[in-house]
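S.K.: sequence? don't have it. structure:
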């Protein structure tokens, strides 16, 4: 993976659509300079290779919320139905902490 210099971000990577960004991230074809159009003038960015999993999770979450808000059927990847959801390690820690605190 290529690290990205945030100061040069505007010249390094065009902004891709939400669906295209998710596809690139899922296939491992995105580098650390990827920018995803989240709508309303907002972009999701990863400035290091370590941020790519976080960006993918945010993009998937936004897509899910958008689909639900439009009352469309939600299709989930098979890995999400198998009982072993794909979560970033930090997200898993947060969820565990929330379960323990309640």
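M.R.: Yes, it's here. Everything numeric here is computed off the predicted structure, so don't read it as measured data.

S.K.: SS state for the spatially most central residue of the chain?
M.R.: Centroid-nearest residue in the chain, with C-alpha atoms, centre = their mean: residue 56, separated by 1.9 Å. The three-state assignment at residue 56 reads helix, by DSSP: H, G, I helix; E, B strand; the rest coil.

S.K.: What separation is there between it and residue 33?
M.R.: Note on residue 56: its distance to residue 33, by C-beta to C-beta, to the nearest Å, is 15 Å. All C-beta spots, glycine's among them, are computed from the backbone N, C-alpha and C.

S.K.: related to what we said a few turns ago, tell me the spacing between the residue nearest to the centre of the chain and residue 31.
M.R.: 13 Å.

S.K.: before we move on, what about residue 45?
M.R.: Applying C-beta to C-beta to residue 45 and residue 31 gives a distance of 12 Å.

S.K.: what do you get for residue 54?
M.R.: For residue 54 relative to residue 31 (C-beta to C-beta), the value is 15 Å.

S.K.: in stretch 39-57, what counts as buried?
M.R.: Residues of stretch 39-57 classed as buried: 44, 45, 46, 47, 51, 52, 53, 55, 56, 57 (neighbour count, 16 or more other C-beta atoms under 10 Å).

S.K.: give me the number of residues near the closest residue to the second one other than its chain neighbours?
M.R.: Counting by C-beta to C-beta, 6 or more residues apart in numbering, residue 45 lies nearest to residue 35, which is 5.1 Å off, once chain neighbours are set aside. Residue neighbour count, defined by other C-beta atoms under 10 Å, stands at 20 for residue 35.

S.K.: what's across from the closest residue to residue 14 other than its chain neighbours in the sheet?
M.R.: Sequence neighbours aside, residue 35 is the residue nearest to residue 14 in space, at 7.4 Å (criterion: C-beta to C-beta, 6+ apart). Using DSSP bridges, the bridge partners assigned to residue 35 are residue 15, residue 45.
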